[in-house]
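Undergrad: just to be clear, the model below is a prediction. Sequence and coordinates:
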Amino acid sequence: MYCNMKKSWSMIGCMLLLGFSTSSAMAEDSDWTIKADLQGEYGSYNKSIKRDSITNAGIIIAADYLDQGGFSLAVNSTTVKYKLAPTINQQSYFASVRYNLHVDGLPGKLMLRLDGHYISNNDVTGNSDGVKIIAPQLAFMNYAKNFYMDIGFAHSSYKNNLTINQYTPTLGFGFNDLADWAQLRAYLIDTSNPLRAQNKSKTAGAELKWTHWFAPSNSLHLYKLQAGILAGERIFAVDGDAAAVYNLADVQRGSASLGLTWNLTDTTHLMVLAGEERYLDNTIANSYSSRFVYIDLSTQW
Amino acid sequence: MFRMISLCMMLCCCNGLALAEKVENRWAASYALEANGHYEQAAALMVPEMSSGEASEFALLRYGWLNYLQGNYNDAIRAYGRALKRNQRSVDARLGIALPLLAQQRWREARKYLLQVLDQSPYDYTAHIRLMICEEGLRQWKQLQVHAQNIAAHYPTDTTVLIYLARAYAWQGVTEKAKSAYRRVLIRNTLNIEATRFLAK
C-alpha cells in the first residue's frame, strides 16, 4: 500500500485560503509564520498485473515561531484501485517538531527534527496497515546558505513481523547567487524480514534534486522549477522532504519528475509536478511503472 | 571618641574615594582594552557591574556589545535580553540585540525587535537600516524596495538606503531602475565599488 503524501511540503487547503486570506503586511507582524498546503495527485499504473490507479488528497499545516523552530501536522487520504482485488482506502497522519540551534563557533545553524507517521487502511492482509514510523533528523545549514547536510534515520514498524531501518545522509549545495539548489540524498534501507520485503534484506538508492528559482519579474509569474531523479533501489522508504511513506511492498527502482511552481499572489503558490516511478513486484516478477500528476496549492500568513 | 569618629569617617571617605577611583579605572580600562581590540578582557571588567547598581543596565549593554564583537552571539543576546528586562523602554537594548540576531541570520527575531523600536521612534535610521538587512536576508525584494524608497525620501543624502533600493530592483530584474539607484549612489559616494561594478556590466 502506498501512502502518497509526496513531492512537496508545500500545499494549501482551499478552505484555509477562503477562511484566512491575509495581507502580507499582517504576516510580517506576527511572531508565527503559518503555511498551509492542499495537495492532490492522480497516478496510473502501467504494465502492472495487480494495480490500476492511485488517487491522493491531503492537507499539511506548518507553523514556525520566529527563527526558533516549529511544528507540522498533516492528514492524507489515499485510494488505490486494483484490477482484481478490492480497492484499498488509506489514511495517513503525520506530525513533526523542529528546533533550530545557533551555536557560537559553528558557521551555520543546526536543526533538530523529529517526525512521526501513522498509517491505517483496509488491507485485508494487514501487511500495510497500522504502520508506525519515528524519524529523527539532525541537519546543518551554513550562514551563506550554500551548503547543507543532514543525517536522517527512520524506524518503521509494520504488522506481521517486519521492521525497517532507513539511513539518509544528505548533501545540498546552493549556487548561481542561490538561484539554484542541488541536493543529493542516499537511501540506505535495512529490512528485518526479507520474506516480507520482496526478498530484500537491504536496498540502496540515491536521489538527486535540482531546484531553480526564477527572478521575480518574469512575465509568466514562475516561482521555481524542480527536477528529481532516483537511481538504485529502495523499499518501504520514508521521504523526509515530502513527509511521504512508501508502505507499498514493491521495490522502487528509479523515478524521474519535473515540476513548475507559479506565484498566484505574493504568498500563494501553485505547483504542478509530473513524473514516472518504476517498480518491481519481485514475488510475481512484474516490472511496472506509475505515471503521476501532482498539484499543490500553498499559502502563508 | 570624637577622634575615633573622625578617623572612621576619614577611612570611609578614603575607602569610598578609592572605590570610586577603582570603578572609574575599571570603566576607563575597559574602554582602553576595547580600543585596542581586547574585547574579552574589556567585557570581563564589566562583569562586576552587571548584577546590580546604577550602572548595571549600561554594563549589560556594554557586555552585550563586547561579546557581539567577539562573535559570542548567544552571550550577547542574553546580555541584551537582561538589559531589556531591566528597562522595557530601552531602544538601545533592542537595537543592540538585533546585531547578534542578524549575525546568526535570525531575521524574523531581529525584525521583531526592530519593529518595536520603530513603534517608539518611527524614523529611527539605524532601525530602518537593520530592518532592510532583515528584508534582504528574507529575500523580500518588493518589500525592501518600498521600504528603501520611503526611507530614501526621509534621508535624501544617504547612500546606504539607495544601495538597498538598487539591490531590491536588481533582484527583481528591474535593471534600469537599479542602474538609476546606483547612479544616485555614485553621486553621493563616487568610489562605491558595488555601484561601479553594477553599472560597468
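TA: That came through, no problem. Numbering: from 1, shown residues only, chains lettered A, B, ... in the order given.

Undergrad: and the residue of chain B found nearest chain A, how many neighbours?
TA: At 3.5 Å from chain A, residue B:173 is the closest residue in chain B, using C-beta to the nearest C-beta. Heads up, the C-betas are built off the backbone N, CA and C, glycines and all. By other C-beta atoms under 10 Å in any protein chain shown, 13 other residues sit near residue B:173.

Undergrad: show me how chain B divides into domains.
TA: In terms of domains, chain B is parsed into B:20-104, B:141-201 (source: automatic domain parsing).

Undergrad: would you format those domains as JSON lines with mean pLDDT included?
TA: Shown next, in JSON lines, are the domains of chain B (pLDDT from 0 to 100):
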{"stretch": "domain B:20-104", "mean pLDDT": "93"}
{"stretch": "domain B:141-201", "mean pLDDT": "96"}
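
Undergrad: would TSV of these with distance to residue A:231 be doable?
TA: TSV is the format used below for these (distance: least, C-beta to C-beta, whole Å):
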stretch	distance to residue A:231
domain B:20-104	37
domain B:141-201	35
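
Undergrad: among the ones you listed, which comes closest to residue A:278?
TA: Proximity to residue A:278 (C-beta to C-beta) singles out domain B:141-201 among the domains of chain B, at 39.1 Å.

Undergrad: what about that closest one, how long is it end to end?
TA: The straight-line separation of the ends of domain B:141-201 (C-alpha to C-alpha, to the nearest Å) is 21 Å.

Undergrad: and it, how far from the chain's centre?
TA: Domain B:141-201 has its C-alpha centroid displaced from the chain centroid by 23 Å (C-alpha atoms, centre = their mean, to the nearest Å).

Undergrad: contact residues of chain B facing chain A?
TA: For chain B, the residues in contact with chain A (C-beta under 8 Å from any C-beta of the partner chain) are B:71-75, B:104-109, B:111-112, B:115, B:141-143, B:171-174.

Undergrad: ok, the closest residue to residue A:240 other than its chain neighbours - how many residues close by?
TA: Nearest non-adjacent residue to residue A:240, counting by C-beta to C-beta, 6 or more residues apart in numbering or on different chains: residue A:152, 5.3 Å away. When neighbours are counted by other C-beta under 10 Å, residue A:152 registers 22.

Undergrad: my read: residue A:152 touches residue A:239, true?
TA: No: between residue A:152 and residue A:239 there is no contact under C-beta atoms under 8 Å: 10.0 Å.

Undergrad: number of nearby residues for the closest residue to residue A:64 other than its chain neighbours?
TA: Excluding the flanking residues, the one nearest residue A:64 by C-beta to C-beta, 6+ apart is residue A:70, at 3.4 Å. For residue A:70, the neighbour count with other C-beta under 10 Å is 20.

Undergrad: which residues touch residue A:70?
TA: By C-beta atoms under 8 Å, 6 or more residues apart in numbering or on different chains, residue A:70 lies in contact with A:33, A:62, A:63, A:64, A:97, A:98.

Undergrad: pull the most distant pair out of those residues.
TA: A:33 and A:97 (15.4 Å).

Undergrad: okay, those two: which has more neighbours?
TA: Legend: neighbour count by other C-beta under 10 Å for residue A:33 and residue A:97, higher for residue A:33 (17 against 13).

Undergrad: partner strands of the host helix or strand of that one, parallel or antiparallel?
TA: Element membership of residue A:33, judged by DSSP states H and E, is strand A:32-46. Sheet pairing here is set by DSSP bridges, and for strand A:32-46 it gives strand A:51-65 (antiparallel), strand A:286-300 (antiparallel).

Undergrad: give the buried residues for that strand.
TA: For strand A:32-46, the neighbour count (16 or more other C-beta atoms under 10 Å in any protein chain shown) marks A:33, A:34, A:35, A:36, A:37, A:38, A:39, A:41, A:43, A:45 as buried.

Undergrad: sort the contacts of residue A:70 by pLDDT and name the bottom one.
TA: Across those, the smallest pLDDT goes to residue A:33, namely 94.

Undergrad: ok, that one touching residue A:67?
TA: No: if you go by C-beta under 8 Å, residue A:33 and residue A:67 don't touch, sitting 9.7 Å apart.

Undergrad: quick check: neighbours shared by the two?
TA: residue B:108.

Undergrad: quick revisit: so the residue nearest to residue A:240, which of the three states?
TA: Put simply, residue A:152 is strand when judged by DSSP: H, G, I helix; E, B strand; the rest coil.

Undergrad: got a list of what it touches?
TA: A:135, A:136, A:137, A:138, A:166, A:167, A:168, A:169, A:170, A:240.

Undergrad: give the closest residue to whichever residue of the stretch 151-300 of chain A sits closest to chain B in space, chain neighbours not counted.
TA: Proximity to chain B, evaluated over the stretch 151-300 of chain A using C-beta to the nearest C-beta, is greatest for residue A:217 at 3.5 Å. Leaving aside its sequence neighbours, residue A:217 sits nearest to residue B:173 (C-beta to C-beta, 6+ apart; 3.5 Å).
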